[in-house]
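Asker: predicted model and sequence follow; I will ask about them next.
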Amino acid sequence: MDQLVDREEFLSGVRLLYESSDEHKDILHFKDGRLFERYSAPIIMGGDMVGRVWSFRDITERDRKEKEREGLIADLQNAIEQIKTLRGIVPICAHCKKIRDDKGYWEQVDAYVSRHSEAQFSHSICPDCTKEHFPELYNDKNSD
């Protein structure tokens, strides 16, 4: 009894159960953190309750695993909310290729995509842009 978190609650529960002919299940909390499931059912003989059957089961580990599972589920739900994905229609400028965000601001494609996904960028210049914007480099490469 001294190991229980609430000894008086336990005792009053036992008294109530002996006055009742109902089945009952609850959890007993121990000071050291253990949890026991308590189950009690009446013993009926000749229409009269003559006693009770008591069953106690240590559910400390099960409770720990349930709480861990609930924590993992919460973490997964948070992760799902935080997952950066690009979906739907992305408004992009036909000329400069900037993207308009949800607040109406225009930003570079790489910045927008990085913010909304796990993608990372490395920058380079394609042959068409080299030819158009840096013709001296393009001609030097192709004059061989």
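Answerer: Received the coordinates, thanks.
Asker: buried set for stretch 107-121?
Answerer: 112, 113, 116 (16 or more other Cβ atoms under 10 Å). Just so you know, the C-beta spots here come from the backbone N, C-alpha and C atoms, and that holds for glycine as well.
Asker: now for the longest helix anywhere in the chain, which elements pack on it?
Answerer: Longest helix in the chain, counting residues (DSSP state H): helix 60-82. When contacts are defined as 3 or more Cβ pairs under 8 Å, 6 or more residues apart in numbering; DSSP states H and E, helix 60-82 sits against strand 35-45.
Asker: tell me how many other residues surround residue 37.
Answerer: By other Cβ atoms under 10 Å, the residues close to residue 37 number 15.
Asker: before we move on, the earlier item: mind putting the buried residues of stretch 107-121 in CSV, pLDDT, secondary structure and distance to residue 127 included?
Answerer: CSV is the format used below for the buried residues of stretch 107-121 (pLDDT from 0 to 100; DSSP: H, G, I helix; E, B strand; the rest coil; distance: Cβ to Cβ, whole Å):
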residue, pLDDT, secondary structure, distance to residue 127
112, 85, helix, 25
113, 84, helix, 22
116, 79, helix, 29
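Asker: out of these, which is nearest to residue 2?
Answerer: If you rank the buried residues of stretch 107-121 by distance to residue 2 using Cβ to Cβ, residue 116 comes first, at 58.3 Å.
Asker: do you know how far the closest one is from residue 21?
Answerer: Going from residue 116 to residue 21 by Cβ to Cβ, to the nearest Å gives 62 Å.
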